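Colleague: Sequence and predicted model, in that order:
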Amino acid sequence: MIRRIFPFLLIALVCAGAGSAADKAPKVFVLGVDGLDPKLLDQFVAAGELPNFARLIEQGDYKPLQTSMPPLSPVAWSNFITGMDPGGHGIFDFIHRYPDSILPYMSMSKVVPSDKSVEVGSWVVPLSSGDVINLRRGRAFWEYLEDHDIPTTIYHMPVNFPPVESGGKALSGMGTPDILGTPGTFSFYTSREVSNARQITGGQVFYVDVEENTIEAKFRGPENPVRRVPRKTRSRSKEVRYEHPDLTTDFKVHLDPERPIVKISFQDRDIVLREGEWSDWFRIDFKAVPYVVEVNAIGRFYLKQVRPDFELYLTPLQINPEEPALPISTPESWSHDLYEALGHFYTQELPEDTKALTYDVFSGKEFWDQSQFVYGEQSRALDYFLKDFEEGFLFFYFSSVDQGSHMLWRYADPDHPGYVEDDQLLSGIRVLYKEMDNALGRVMQAIDDETTLIVMSDHGFCPFYRGVNLNTWLLEKGYVTLRDPSKQGRSSIPFANVDWSKTKAYALGLNGLYVNLEGREKRGIVKPGREHEELLDELERELLAMRDPQNDEQVVTLVVRTERDFHGPEHQIGPDVIVGYNWGYRSSWTSPLGEFPHGVFVDNLDAWSGDHSVDYRHVPGVLLTNRRITLDEPALYDLSVAILDHYGIEKPSQMIGNDCLGDPVTRGQIDAGTAE
Amino acid sequence: MFGSKVKLDKELLKKIKMYAKIAGYSSPEEFITHALEKEIALLEEADSEEEIRKKLQGLGYIS
């Protein structure tokens, strides 16, 4: 490992002598606010609601920050982390596909199970442990900082699960699953009929009976890694296939016969809740093999209602930072240290429970309350880090603006097809920005004049009015052929009805469009070379010509061809084309996983009403700093180069950006922030 | 050989016999068995696709 002393530290050592305060690495603080939008920021600043942002804009420097294409968080943060674009870091979307099976998978990480085991009856004894792999390519910029002995602390950086090995401290962010291995699956225990129970995604409904004021139910945990049972299958094959049963543990709910109060009992623990009340975090132990193999998790209950119908919500079960089942921090013990300092906290990638609101398990107010818990945890963590920030690089991440902008947009936009009048939630997004202003104020109070401060976001926001069934469009244009057209729209299994021998292209993920390429896709028919290129030319023309019959709007304003437009060798794992939708449009709810509903366009009536998976030019992020911004149009990958340059580290050859930060513009002049 | 009889359309049976010969199967029965096994394997694969789908669906961006 090459270790080098950064130049100005060397000068400082010569001038001041070793051992003085000057031998500490200069401080850089990056406040990463997912989804902070420059238009909304300008609007709220102009209204005088964000005094700390206003001060930093006035006394420092501020520009829109060019995001990634597509402007999705995993892609955008990867641009920042690696200083590359998707051609280099290999993250093109939330969802990628295996070309041989066209099966989708999460792009950010994967779990590789143990490859050696002994099977004895219904038990599987693993002889080696499995592994979790971060699928992002390229080195993170803070690895270079660590190479140069600069201390780093990275809190909840997206696309950093499991965290890259480095000498610094890091807690994983977006990409970190819940204990079931999903992006987040809540549980809803109820005695009432839930009409949409089968349609609920990201959650599971458990029906319970109330008998003599008592309910018996189970926590559902992950699969039992060491037990197997015969798998139920539709096949009549005599071959027995096995699956791992879920781990479960019982709990009992005792209802007060008169008052809306319950006592929940499990594993020698009692929790008393009143209707409308949240529990604190609690730990659950699942026993795969009692005393030998155990998995633990943490959760929180919310008692929604006791009578007439019983309704109890349980958060997605989290990887417990106290004793993590999967690697969520570097060093591994650091999540335990954070638990010691901060108590239990959400470790799941995006903890705001958008699915519970989407499927009416939460009301708008209940979603807001849950989001505020998340913000409160992150806010306490910020204060904890600021207290001990003495040298080096610190990155801190907030998720609340992004998740809130997705879910609260419709309350503030009368033009939205799903507009809902709600006096309290109307100002929800504005309140989230004010909370960020408060956090920024605390940062400005805590840092000294020598600290470089950068506030940045990965992308902005726009409304999600109309969904585009891109696969249906491909079908109507003749690029896809179905085996049985009469069954169009019936199957939710990805591409189940597609005749691959007559299909030239397919859409998968939020913005991805793939050619069914011979030699790459298992049943590919388009020949590489000229035929491939001609098809891409044709698709580009056709996509840009797509019009919405409802209003004659152009639907796609940008088409990016990954091989032509990106840098680096990883374009081969991504889509051939990335579709940049116009303002207000987005891929539909079902097209990203290979469904073919009838009709190309559909109004979005979902609670998820704001989005950003469009042409990147519509949704830039923000860059605010107490240094001069030297580029007219700084981009995410410029910022990583700038941070390295700040410490005197030369730009690595694979990074495509340029230094975008100059001298301090306000050193010693920025007023301390204001905060409650 | 099949354990039970299956009725097939005459034209289809004619094609099966022809293609079984062209493709080198020892009999039309062997060709039919092979084709059905492939189709069943696809259906069984669909089970695991459903599981994958469930895991992806917690993502807010899709339903």
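Modeller: Alright, I've got the coordinates. Fair warning: this is a prediction, and the values are worked out from it, not measured in the lab.
Colleague: Quick check: mean pLDDT of stretch A:455-467?
Modeller: Throughout stretch A:455-467, pLDDT has a mean value of 98.
Colleague: Okay, now that stretch: how far is its last residue from its first?
Modeller: Taking C-alpha to C-alpha, to the nearest Å, stretch A:455-467 runs 32 Å from one end to the other.
Colleague: ok, which stretches of the stretch 1-150 of chain A are strands?
Modeller: Secondary structure of the stretch 1-150 of chain A (DSSP state E, counting those that start in this stretch): strands at A:28-33, A:61-65, A:95-97, A:104-106, A:109-112, A:117-120, A:123-126, A:131-134.
Colleague: In CSV: these, plus mean neighbour count and mean pLDDT.
Modeller: All C-beta spots, glycine's among them, are computed from the backbone N, C-alpha and C. Formatted as CSV, these follow (neighbours: other C-beta atoms under 10 Å in any protein chain shown; pLDDT from 0 to 100):
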stretch, mean neighbour count, mean pLDDT
strand A:28-33, 23, 98
strand A:61-65, 20, 98
strand A:95-97, 24, 93
strand A:104-106, 21, 88
strand A:109-112, 14, 77
strand A:117-120, 11, 66
strand A:123-126, 15, 67
strand A:131-134, 15, 85
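Colleague: Helices along chain B, start to end?
Modeller: Along chain B, the stretches classed as helices by DSSP state H are B:10-22, B:28-56.
Colleague: rank those helices by mean pLDDT and give me the bottom one.
Modeller: In terms of mean pLDDT, the lowest-scoring of these is helix B:28-56 (a mean of 69).
Colleague: Need the per-residue pLDDT for the residue positioned nearest the centre of chain A.
Modeller: A centroid search over chain A (C-alpha atoms, centre = their mean) returns residue A:174, at 4.0 Å, as the residue closest to the centre. Note for residue A:174: predicted pLDDT of 92.
Colleague: Is it correct that residue A:35 is in contact with residue A:612?
Modeller: Yes - contact criterion C-beta atoms under 8 Å: residue A:35 and residue A:612 qualify, at 7.0 Å.
Colleague: Find the residues that touch each one of the two.
Modeller: Common neighbours of residue A:35 and residue A:612 (criterion: C-beta atoms under 8 Å, 6 or more residues apart in numbering or on different chains): A:459, A:460, A:461.
Colleague: what residues are up against the first one?
Modeller: The one in question is residue A:459. A:35, A:67, A:68, A:71, A:72, A:73, A:76, A:612, A:616, A:619, A:620, A:621.
Colleague: measure residue A:214 to chain B for me?
Modeller: Counting by C-beta to the nearest C-beta, to the nearest Å, the gap between residue A:214 and chain B amounts to 31 Å.
Colleague: same question, residue A:482
Modeller: Residue A:482 is 15 Å from chain B, by C-beta to the nearest C-beta.
Colleague: likewise residue A:644?
Modeller: Separation of residue A:644 from chain B (C-beta to the nearest C-beta) stands at 32 Å.
Colleague: Surely that residue forms part of a strand?
Modeller: No - counting by DSSP: H, G, I helix; E, B strand; the rest coil, one finds residue A:644 to be helix, located in no strand.
Colleague: which residues does it contact?
Modeller: Going by C-beta under 8 Å, 6+ apart, residue A:644 touches A:83, A:141, A:144, A:145, A:650, A:651, A:652.
Colleague: what's the helix or strand for the fifth one?
Modeller: This points to residue A:650. Using DSSP states H and E, residue A:650 sits in no helix or strand.
Colleague: what about it, how many neighbours?
Modeller: Using other C-beta atoms under 10 Å in any protein chain shown, the number of residues around residue A:650 comes to 11.
Colleague: what's the distance between stretch A:74-94 and the middle of its chain?
Modeller: Centre-to-centre, stretch A:74-94 and its host chain are 13 Å apart (C-alpha atoms, centre = their mean, to the nearest Å).
Colleague: Next, format the strands of the stretch 1-150 of chain A as JSON lines and append distance to residue A:357.
Modeller: What follows is the strands of the stretch 1-150 of chain A, written out as JSON lines (distance: least, C-beta to C-beta, whole Å):
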{"stretch": "strand A:28-33", "distance to residue A:357": "21"}
{"stretch": "strand A:61-65", "distance to residue A:357": "29"}
{"stretch": "strand A:95-97", "distance to residue A:357": "22"}
{"stretch": "strand A:104-106", "distance to residue A:357": "22"}
{"stretch": "strand A:109-112", "distance to residue A:357": "26"}
{"stretch": "strand A:117-120", "distance to residue A:357": "41"}
{"stretch": "strand A:123-126", "distance to residue A:357": "39"}
{"stretch": "strand A:131-134", "distance to residue A:357": "29"}
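Colleague: With distance to chain B as extra columns, can I get those strands in CSV?
Modeller: Listed next are the strands of the stretch 1-150 of chain A as CSV, based on distance: least, C-beta to the nearest C-beta, whole Å:
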stretch, distance to chain B
strand A:28-33, 18
strand A:61-65, 22
strand A:95-97, 6
strand A:104-106, 6
strand A:109-112, 11
strand A:117-120, 19
strand A:123-126, 18
strand A:131-134, 14
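Colleague: Figure out which of those strands is closest to residue A:662.
Modeller: With C-beta to C-beta, the closest approach to residue A:662 among the strands of the stretch 1-150 of chain A belongs to strand A:61-65: 8.8 Å.
Colleague: Alpha carbons of that closest one, in PDB - could you do that?
Modeller: Extracted in PDB, the C-alpha atoms of strand A:61-65 (Å, rounded to 0.1, in the frame of the first residue of the first chain):
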ATOM      1  CA  ASP A  61     -21.100  29.000  -3.400                       C
ATOM      2  CA  TYR A  62     -24.100  27.100  -4.800                       C
ATOM      3  CA  LYS A  63     -24.800  25.300  -8.100                       C
ATOM      4  CA  PRO A  64     -27.000  22.500  -9.400                       C
ATOM      5  CA  LEU A  65     -25.000  19.300  -9.400                       C
END
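Colleague: helices and strands around that strand, which ones?
Modeller: strand A:621-625, strand A:627-629 (3 or more C-beta pairs under 8 Å, 6 or more residues apart in numbering or on different chains; DSSP states H and E).
Colleague: 10 Å instead, please
Modeller: Strand A:61-65 is packed against helix A:38-46, strand A:452-456, strand A:621-625, strand A:627-629, helix A:636-646, strand A:661-664, with contacts defined by 3 or more C-beta pairs under 10 Å, 6 or more residues apart in numbering or on different chains; DSSP states H and E.
Colleague: from the ones you listed, which stretch is densest packed?
Modeller: Ranked by mean neighbour count under mean count of other C-beta atoms under 10 Å in any protein chain shown, these are led by strand A:621-625, which reaches a mean of 26.
Colleague: Now that one - C-alpha only, PDB.
Modeller: Once non-C-alpha atoms are left out, strand A:621-625 reads as follows in PDB (Å, rounded to 0.1, in the frame of the first residue of the first chain):
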ATOM      1  CA  GLY A 621     -29.000  17.600  -7.400                       C
ATOM      2  CA  VAL A 622     -27.400  20.400  -5.500                       C
ATOM      3  CA  LEU A 623     -23.900  21.400  -4.500                       C
ATOM      4  CA  LEU A 624     -23.400  24.000  -1.700                       C
ATOM      5  CA  THR A 625     -20.000  24.600  -0.200                       C
END
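Colleague: Quickly run through the sheet partners of that strand, with directions.
Modeller: strand A:61-65 (antiparallel), strand A:452-456 (antiparallel) (DSSP bridges).
Colleague: Ok, which of the ones you listed comes nearest residue A:577?
Modeller: Using C-beta to C-beta as the measure, strand A:61-65 is the one of the strands paired with strand A:621-625 that comes nearest residue A:577, at 24.9 Å.
Colleague: And that closest one, how far out from the chain middle?
Modeller: On C-alpha atoms, centre = their mean, the centre of strand A:61-65 falls 24 Å from the chain's centre.
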